[in-house]
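**Q** Any chance you can model this:
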Amino acid sequence: MYDLPEEIHVEADGPLRIITLNRPDALNAVNDDLHTGLARLWPRLSDDRDARVAVLTGAGKAFSAGGDFAYLAELGSDAELRAKTIAHGRDIVLGMARCRVPVVAAVNGPAVGLGCSLVALSDIAYIAETAYLEDPHVQVGLVAADGGPLTWPLHTSLLLAKEYALTGAKIPAERAREMGLVNHVVADPRSEALACAKRVLELPRQAVESTKRLLNLHLERAVLATLDYATTAEDLSFQTADFRAVISRLTAGRS
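**A** Residues are numbered from 1 along each chain as shown. Below is the predicted model of the structure:
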């Protein structure tokens, strides 16, 4: 559906849309096609008048392992690709914040980097007991323009947001729930998310959509206050010696 790359699979079940990040052999790590697809997805979902609720999950063992290292290396050397990607990052964040359709995240495995951001930008989140959140942008020498630091201060305390953004430490499922970064820790997040989505479908449509918009106005205003600075800083961080050194080490370790 929606004329997206094969890295994103959208299935219709009546007014329910099931969105699956679809690079299971790479743990749904984000490459150019997946990133571009995510930028296109949210306005198309919002424009789909038959859609009333969506479930977002990952194929295989992970929700998303974050940025594909080869893709990150390319972003450091290709200014045109970097400009497109940073613009798409802005589109992803604002697209999710403005999306008419409620999004329920089923975090079936690790949600790292942009995967962690997708959870933070969803409306309700169920996470597997063995899964975790992690935003390691700083660890690889990057500013998280579309990452956790952009929205975490709305979900948790500023001190906790700083701790995990500055250290890039993993946030286990139960800790994420305690911090307010997810709603529920469950054995089967997909089933629970689908059950939640079906409960939303039973509610009056206009009330649901307008209530989501009312709440997300707070999110959108916070994002817009920081997004321009964040994207400029991320662009610069891709060009630093620190980033190049980290990516060289990571890509060498994969070869």
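**Q** where along this protein do the strands fall?
**A** For the chain, the strands defined by DSSP state E cover 8-13, 16-21, 53-58, 103-107, 111-112, 124-128, 132-134, 171-172, 184-186.
**Q** Next, the residues that contact the fifth one from outside, please.
**A** For strand 111-112, the external contacting residues (C-beta atoms under 8 Å, 6 or more residues apart in numbering) are 62-66, 118-119, 127, 131-136. Every C-beta, even on glycine, is put in place using the N, C-alpha and C of the backbone.
**Q** Including distance to Ala197 and mean pLDDT, could the strands of the chain go into CSV?
**A** Shown next, in CSV, are these (distance: least, C-beta to C-beta, whole Å; pLDDT from 0 to 100):
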stretch, distance to Ala197, mean pLDDT
strand 8-13, 9, 98
strand 16-21, 6, 98
strand 53-58, 4, 98
strand 103-107, 5, 98
strand 111-112, 18, 98
strand 124-128, 9, 98
strand 132-134, 21, 98
strand 171-172, 24, 98
strand 184-186, 14, 98
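**Q** I'd like those laid out as JSON lines, including mean neighbour count.
**A** Formatted as JSON lines, the strands of the chain follow (neighbours: other C-beta atoms under 10 Å):
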{"stretch": "strand 8-13", "mean neighbour count": "15"}
{"stretch": "strand 16-21", "mean neighbour count": "23"}
{"stretch": "strand 53-58", "mean neighbour count": "26"}
{"stretch": "strand 103-107", "mean neighbour count": "28"}
{"stretch": "strand 111-112", "mean neighbour count": "30"}
{"stretch": "strand 124-128", "mean neighbour count": "26"}
{"stretch": "strand 132-134", "mean neighbour count": "24"}
{"stretch": "strand 171-172", "mean neighbour count": "22"}
{"stretch": "strand 184-186", "mean neighbour count": "18"}
